[in-house]
Structure formats: structure tokens, C-alpha cells
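> Mind looking at a prediction? Sequence and model below.
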Amino acid sequence: MEKSQKKCSGFTLIELTMVILLAGFMLSLALPRLRDVALSDTLKNTVRALTSTVKELRYQAIKDAREYYLVFDFDSKGFRIDSPYFTEQERIDAKKNSLSLSSDVRVLDISFKNGDKKTAGEVSIGFTKEGYIVPSVIHIGSEDGRRFTFVLRPFLGDAAVIEEYSEIGDVSL
């Protein structure tokens, strides 16, 4: 009598375990480097900081029922918060605590819906106590040639980020 031969196909438990261990080892080597690359992108970090500042400023304006301004200083390469309700000491503290852009990132220009475009000095963008934002577009760029367009929408109270240079007439406010 012939014994029937079974043809087994598939992987053994040892083979599957080895593949999983090797994949885990390779990921443990690659993930820290990927994290460092993602966190070292100063342009994207600036966009994130600006986004969170806009959200916080809008919330603060509604909460306090006060006008606030996001002030960009082209000369010092930074931005800060200001308000007509600030005391002189609060205004000095706000200037001290302004967020500075890294050396390879700069604000290229700020455009307003009325056609006004600013490239120098101090530029203020208003936030009303109702949470409305002056419709504007902020262009941010880095030395490597990448450009971001930061769109401040008046009634939605949020900011849209476009990963290219877009004129104010080309975006929906």
C-alpha cells in the first residue's frame, strides 16, 4: 500500500516569527530618523505655530470680548499678539515674547482683500470680539524655495494652508 503524501504549503511559526522580528528591527532603526526629519522642517513648524496662534487668538478674542491683532514684524522676523486694551507693560511683554522665525524661514508678504500688499515694517491683522478675522493672505517661504500660503478667512475663523504661493484673488476667502 502506498502512503498518501501530503503536500504542505505555507510558513512555519518560526519563519513568521523571524520575519516579524526583522521587520520590527528595521522599523526601530528607521522611525527615529523619520521623526527627526519631520520635526526639523522649520517651514512646516512655522506654519503649525502660526495656525495654532490664529486659533488661540480667535478664541481669546471671543472669550474676552476684545479686539486683538496678530502683528508681523518684517524687520525682526517674528510675530506677536497685541490689543488696544493692553497696558504699556503688557505691550512690552508681548514684544519680548514674540515668536521669532528661524533663520531659513521668512514672511514674504501679507496681502489684504482690498489689494494692499505689505512687504516691510509692521503689519497687523485684526481679530474682532465676535471672532471675525480681517481677510488676508500670508506668504511664508524658506531658503530652499518652498512656499506656503496661509489664508485667513473672515467668517469661518480658521486658516487654510496651501503648499504653494497663491495670490489673494486665487483663494476663497
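Noted; the coordinates are in hand. Numbering: from 1, shown residues only.

> Show me where this structure has its strands.
Ranges of strands within the chain are 68-73, 78-82, 99-100, 105-112, 117-118, 122-127, 136-142, 147-152, 159-162, based on DSSP state E.

> need those in JSON lines with mean neighbour count, can you?
Every residue, glycine included, has its C-beta placed from N, CA and C. Listed next are the strands of the chain as JSON lines, based on neighbours: other CB atoms under 10 Å:
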{"stretch": "strand 68-73", "mean neighbour count": "21"}
{"stretch": "strand 78-82", "mean neighbour count": "19"}
{"stretch": "strand 99-100", "mean neighbour count": "12"}
{"stretch": "strand 105-112", "mean neighbour count": "19"}
{"stretch": "strand 117-118", "mean neighbour count": "14"}
{"stretch": "strand 122-127", "mean neighbour count": "18"}
{"stretch": "strand 136-142", "mean neighbour count": "22"}
{"stretch": "strand 147-152", "mean neighbour count": "21"}
{"stretch": "strand 159-162", "mean neighbour count": "16"}
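
> could those strands be laid out in a markdown table, adding distance to Leu21 and mean pLDDT?
Listed next are the strands of the chain as a markdown table, based on distance: least, CB to CB, whole Å; pLDDT from 0 to 100:
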| stretch | distance to Leu21 | mean pLDDT |
| --- | --- | --- |
| strand 68-73 | 51 | 92 |
| strand 78-82 | 48 | 90 |
| strand 99-100 | 45 | 84 |
| strand 105-112 | 42 | 92 |
| strand 117-118 | 58 | 93 |
| strand 122-127 | 54 | 92 |
| strand 136-142 | 40 | 92 |
| strand 147-152 | 41 | 91 |
| strand 159-162 | 40 | 86 |
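
> would JSON lines of the ones you listed with distance to Glu15 be doable?
Converted to JSON lines, those look like this (distance: least, CB to CB, whole Å):
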{"stretch": "strand 68-73", "distance to Glu15": "59"}
{"stretch": "strand 78-82", "distance to Glu15": "57"}
{"stretch": "strand 99-100", "distance to Glu15": "53"}
{"stretch": "strand 105-112", "distance to Glu15": "49"}
{"stretch": "strand 117-118", "distance to Glu15": "64"}
{"stretch": "strand 122-127", "distance to Glu15": "61"}
{"stretch": "strand 136-142", "distance to Glu15": "47"}
{"stretch": "strand 147-152", "distance to Glu15": "47"}
{"stretch": "strand 159-162", "distance to Glu15": "46"}
